[in-house]
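> Any chance you could fold what I've pasted below:
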Amino acid sequence: QVQLVESGGGLVQAGGSLRLSCTDSGRTFSNYAMAWFRQAPGKEREFIAGISYYSVTTDYTDSVKGRFTISRDNPKNTLYLQMNNLKPEDTALYYCAASHVFSTALRDYIYWGQGTQVTVSS
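Numbers count the residues shown, from 1 in each chain. Modelled structure (predicted):
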């Protein structure tokens, strides 16, 4: 069983940084590809970054390339998202998710956290 809990969100000024964490309380974290999604008010949930089981492969949506970095620490059952040079348009509820396959598609992710809010002021 995978149980994901996000943390690290908050209010930050444009140009600032945050690091999100996502911890799995189960024992099978390394068996899953992981990803971060976000959902802004009135918008669909979108993929922003993904990482394969042993960090061999990562992928990012274009709008965050060069600013966000996804990483994972399998012994600690933790997924990270380092977010630099934040912009007001990054404001959203950020979710971590687990999948049996490395994918950018929301439908492939079967376990989800409850989300952590990121708000970027201009």
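> Quickly list what residue 7 is bridged to.
Residue 7 forms beta bridges with residue 21, as assigned by DSSP bridges.
> Quick check: it vs residue 81, distance?
Between residue 7 and residue 81 the distance, using CB to CB, to the nearest Å, works out to 11 Å. Quick note: C-beta positions are derived from backbone N, CA and C, even for glycine.
> again, but for residue 112
15 Å.
> Tell me which of the two has more neighbours.
residue 81 (26 against 16; other CB atoms under 10 Å).
> Listing partners with orientation, what would you give for the helix or strand residue 48 falls within?
According to DSSP states H and E, residue 48 maps onto strand 46-51. Here the strand partners of strand 46-51, with direction, are listed using DSSP bridges: strand 33-39 (antiparallel), strand 58-60 (antiparallel).
> Pull the contacting residues for residue 79.
Under the criterion of CB atoms under 8 Å, 6 or more residues apart in numbering, the contact list for residue 79 reads 21, 22, 23, 24, 34, 36, 51, 70, 71, 72, 96.
> again, only using 7 Å
Contact criterion CB atoms under 7 Å, 6 or more residues apart in numbering gives 22, 34, 72, 96 as the residues in contact with residue 79.
> quick one: it from residue 6, how far?
In this structure, residue 79 and residue 6 are 9 Å apart, going by CB to CB.
> what is in contact with these two at once?
The overlap between the contact sets of residue 79 and residue 6 (CB under 7 Å, 6+ apart) consists of 22, 96.
> Residues contacting stretch 46-65 from elsewhere in the structure, which ones?
Contacts to stretch 46-65, defined as CB under 7 Å, 6+ apart, come from residues 30-38, 68, 70-72, 81, 102, 104, 106.
> Kindly supply the PyMOL command isolating those of those residues that are buried.
What follows is the PyMOL syntax selecting those of those that are buried according to 16 or more other CB atoms under 10 Å:
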select buried, resi 32+33+34+35+36+37+38+68+70+72+81+102+104+106
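> Find the centremost residue of the protein, please.
What sits nearest the mean C-alpha location of the chain, by CA atoms, centre = their mean, is residue 36, with 2.4 Å.
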